[in-house]
Structures are given as C-alpha cells and as structure tokens.
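A.B. asks: Provided below are the primary sequence and the corresponding predicted coordinates.
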Amino acid sequence: VRYAETSGYERDQEKRFAWKYRDWVVNAFNNDLPYHRFVLEQIAGDEVPDRNEQSVIATGVLRLGTWNDEPNEPGDYVYDRLEDLVHTTSSTFLGLTVKCARCHTHKFDPILQDDYYRMASVFWPGPIAPRDSKLLGGPTSAELGFANVRGWTDLTVSPPPIKALKNGERSDPLHEVLPGSLSFIPSLKRRFDPPGKNASTTGRRLQLARWITAAENPLTPRVLVNRLWQHHFGHGIVRTPNNFGFLSDSPTHPQLLDWLAAEFNQNGGSIKSIHRIILTSETWKQSSLHPHELHYRTVDSTNRFWWKSERRRLDAETLRDSMLAVSGELDLKVGGESFKATVSAEALEGLSRKSSVWQASPTNQQNRRSLYMYLKRGLLPPMMTTFDLCDATQSTGKREVTTVPTQALAMLNNHFVHHRSQNLARQIADKTTNLNEQVDLAWSKILLRGPTEQEKILAIQHLKNQKSLFQAKGVSTPSKPQIADNLWAQTQRSLAL
C-alpha cells in the first residue's frame, strides 16, 4: 500500500493521522475481518451503508501515495494521481497491471484502454484536481464527515465525463468512457449505476469494490492466498504476486492455488483459516535439510516444487524486532502514533534544516515494534533501507533480498545494534561470572540452542583475548564490570552476524 507518513517530493509534508490507517489494518487482521469487507472498506468505506469513522479511516489507503504540491503541469499531474490509484487498486487486489493500458490497449493481457479509464472513473469524482495545498490532495474534514482522519470521499455526485487519452496525453482526448468494471472476463463485465436521487457520493467505488469481491471473480481469492503463501515460504505459488497476467511466473502448483482459493471462499474470506491450513501442512513442517538433496537438486535446483524448506533472511523489521526481543526490551504495545528512530548525524548532513526536520522520539518509545516506526519518504531510516525496507512510493508485491557488505558493517557499527548488545551483555554478566555459563546463556538467548564444544572453546578464547586487549590499554582501562559488558557486547554482535 506504499505506506509512509509524508508526501515525498521537495517539501515532504507530514500526512497527519496516516497512522490510523495502519491501526485499522492491524485490528482487521487481529479480528479476522472477512476479506470482502476488508477490501470494501478500503476502497469505499465512506460509501458503505453502515459508514462510520473506522470505515472512513480505511479509505486512507487511497491517501498514502506521494503528493506533489507544485507539479510542473498540474493538469497532467491529475492523471498521474489517477494512475497511482488505478495501479495500487488493481495490482493489490486483482494482481493485474491495469496501468499499462493508460496509453493503449495492454500489449499482453486482455485489458483494453477503455478498461483503464473505466477504473480511473471511479476515483475521478474525488479530490483529484488541484486544490488548497494544505489539504495535501485530500478532502476537508467537513467533506469527509470526521475530524482528524485522513481518508477519501467524492466531492461531487456529478463529475465531468472522463475521456480516454491518445497515448495517455491530456492534450489529445478521444471518446468519453463510462464508469464500469474491467472486461477481461466478459461474463463479469458490467457498467456501474449512476447515483441515487439523494446520494452524497457517486457510489462508483462501492460498485467497484463489490465487483472485485464478488464470488464469481476468480482472481481476488487467488491473489490473496498467494500472498499468504509467500509470507510463510518466501515465494508465492505464483512468484509474481502483483502480476497474474500473461507475463507472470506460472503457478508452480495451480491445483493447490485453486483449492486454497476455494477453501478461502468457503470459510467466508477468513484469512486466519488459510494461515491455519498452511501452518499445519506437511509442506510447512519440512526441514531445510533433505536426505536426497543431491539428487533432487539435479531435477529442481531452485526448489520450485517445495521438496524442502527454504532458509530465509529476516526482513528489516523482523531483524530489528528480534534484537529488541533478545535483549528483553521489545515493547509489545499495540496501536497509536509512530515513533521516530534515532538517525545518525551523518545521515542528516544532506538536509537543510536538520534539527527541525527530524527529532527522534524518547528512547523508551523507540523500543516498540518496527511496524510502528515513522516513515518519512525523504529520510527513511538508514539501517532499515540497508536491510531492504520496501519501496514507500509504489505497491510492492515482493521485496528485494540483497546481500551486500554494508549489512555486515551495520551489524558491527550501528548504534542501535551496540545498545542491544550492551544490554544483553549486561544481563548475562549480571547472572553469572562463570565463562562457561555465560557462553551457554549467550547461545541460548541469540541462537536458541546451546553451543557446540568447538564453539564454546572458540568463544572462551575470544573472551580471554579481548580481555587482554582491554587490560593492555593502561590508563584508559575500563572497570571490571565495563570489561565484562564490552567483551560480551562484541560477542553478541559476532553471533548476530
């Protein structure tokens, strides 16, 4: 959903209350909100019959994109904003690259140029055109119906007609396009009804959301269960999660994908039911070691058919949270405003107003889970980007996974890693002064197992060597407690690597 709490571009203004959308998503997952409702509220939470503050907060997904208060061509920027909304909606829920049809009929998939503008028309009545820059491209509180909410709604029930554009150019309009669904499945194609007599919105987004979540729509449940499979295994059954079109990666197990989608629908769109199926499956229970690995690799070297478990790298948020958990500092509080992580002075050097642009939150607030970290598009936390934080400007179906030298350097030199290591070292040193027991504790805390005999010998030797180096410093020699803390802090960082 390209989540961030600022607008991007030169001024990168703060999008206040964006965090309420994140809280809505967390609560929806925790409460196992049926998926059709999950989609409905995000696309049209202001148009549902039982509209309330929470359903309007859900439409915040439509406000999360970047916003430029001074575009070179304001008229063209309107269509760029439409493209962002069409692309995010279609790729997220349908796994289709509808935005490719902005300029012409899709070259590979059965998506007409008119399909693009049919979907764009549902967002056309909203706050798309240039307005007061203080609104950051959205409606006023009065138009939205709630204060302190960043959401979306239509500004009129009678918007001007939208026209297809030749080559996507505003200066070369073609014919008028009426609001409606995509036409890739002819039997599901439909034109959207005009608003009723006393309607306050056009109802177009609600009709689109209902079309997306219709039981007859084959893509929606398959796209979702594929994302859940990818979450647990690292790769989806379709390994291009945002693209189920002609150029997508073919499903490795199409019948499994069909079955999971059917189970998902049969269970009323319960996301937890799919988690339960996956996590109790024989595939999930496999080891990363297989007795016939040498033979199987000759047949399926990339493990596309899941004959063993894949060893996986932790993503940036999980890595950071795991360090806080191991040191016993992780704050599990759910919900609320974001915290601002400490950013090094070097990372702030390129900013013109360093002190006013970034003020880190108090230390105790920074121990919350990384989910609640404040994300400023112009200053993403360097440690998080080093470990492949996802793109905050467009929908990301799957993160890049890199292995680069700066990751090892961050684990050795980053102040956050140092503090976690020192806190854990202090805990270990306080519990026992016996080196053997300290090594056992360190391995148990960090690796969740005991050390092998060779590892224990090497660890104790490392501690003795480092202690000699500290003591050789003469006048700058630290006290014994400091020696213990520093020794073990170095060891924790080594184990983390």
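C.D. replies: Arrived safely.
A.B. asks: Could you pull up the residues touching the closest residue to residue 279 other than its chain neighbours?
C.D. replies: Closest residue in space to residue 279, ignoring its immediate chain neighbours: residue 232 at 7.1 Å, by Cβ to Cβ, 6 or more residues apart in numbering. For every residue, glycine as well, the C-beta is placed using N, CA and C. Neighbouring residues of residue 232 by Cβ atoms under 8 Å, 6 or more residues apart in numbering: 275, 278-279, 284.
A.B. asks: Surely residue 441 and residue 432 touch.
C.D. replies: Yes: counting by Cβ atoms under 8 Å, residue 441 touches residue 432, with 7.2 Å between them.
A.B. asks: Compare neighbour counts for the two and give me the winner.
C.D. replies: residue 441 (19 against 12; other Cβ atoms under 10 Å).
A.B. asks: Next, the more buried one: secondary structure please.
C.D. replies: helix (DSSP: H, G, I helix; E, B strand; the rest coil).
A.B. asks: where's residue 228, which helix or strand?
C.D. replies: helix 219-233 (DSSP states H and E).
A.B. asks: what helices or strands is whichever helix or strand comes after that helix leaning on?
C.D. replies: Using DSSP H and E, the helix or strand that follows helix 219-233 in sequence is helix 254-266. Other elements packing on helix 254-266 under the criterion 3 or more Cβ pairs under 8 Å, 6 or more residues apart in numbering; DSSP states H and E are helix 219-233, helix 271-279.
A.B. asks: Which parts of stretch 401-409 count as buried, going by neighbours?
C.D. replies: Using 16 or more other Cβ atoms under 10 Å as the test for burial, stretch 401-409 gives residue 407.
A.B. asks: scratch that, stretch 12-23
C.D. replies: Buried, per 16+ other Cβ under 10 Å, within stretch 12-23: 12, 15, 17-23.
A.B. asks: what's the answer for stretch 223-240, then?
C.D. replies: Applying 16+ other Cβ under 10 Å to stretch 223-240 flags 223-230, 233-240 as buried.
A.B. asks: can you check stretch 74-86 too?
C.D. replies: Residues 77-79, 81-86 are the ones in stretch 74-86 that count as buried (16+ other Cβ under 10 Å).
A.B. asks: For the chain, give me the ranges with low pLDDT.
C.D. replies: 352-356, 474-497 (pLDDT under 70).
A.B. asks: related to what we said a few turns ago, wait, which of the buried residues of stretch 12-23 is closest to residue 290?
C.D. replies: Residue 290 lies nearest to residue 22 out of the buried residues of stretch 12-23, by Cβ to Cβ, at 39.4 Å.
A.B. asks: dump the residue contacts of that closest one.
C.D. replies: Residue 22 touches 3, 371-372, counting by Cβ under 8 Å, 6+ apart.
A.B. asks: which of those residues has the most neighbours?
C.D. replies: Ranked by the number of neighbours (other Cβ under 10 Å), the contacts of residue 22 place residue 372 first, at 21 neighbours.
A.B. asks: And it, how close does it get to residue 365?
C.D. replies: From residue 372 across to residue 365, the span is 9 Å (Cβ to Cβ, to the nearest Å).
A.B. asks: Between those two, which contacts overlap?
C.D. replies: residue 339.
A.B. asks: picking up where we left off before, could you export the contacts of residue 22 as CSV, including secondary structure?
C.D. replies: CSV is the format used below for the contacts of residue 22 (three-state DSSP):
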residue, secondary structure
3, coil
371, helix
372, helix
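A.B. asks: Among those residues, which one sits closest to residue 348?
C.D. replies: Using Cβ to Cβ, the contacts of residue 22 come closest to residue 348 at residue 372, 21.6 Å.
A.B. asks: Who are the contact partners of the residue nearest to that closest one when sequence neighbours are not counted?
C.D. replies: Leaving aside its chain neighbours, residue 372 sits nearest to residue 338 (5.4 Å; criterion: Cβ to Cβ, 6+ apart). Contact analysis of residue 338 by Cβ under 8 Å, 6+ apart lists 5, 19, 372-375.
A.B. asks: Backbone dihedrals for residue 338, both of them.
C.D. replies: phi -80, psi 160 (degrees, to the nearest 10).
A.B. asks: cool, residue 24 as well?
C.D. replies: Torsion angles at residue 24 (phi, psi; degrees, to the nearest 10) stand at phi -60, psi -40.
A.B. asks: Could you do the one 4 residues further on as well?
C.D. replies: When read as degrees, to the nearest 10, the backbone of residue 28 gives phi -60, psi -40.
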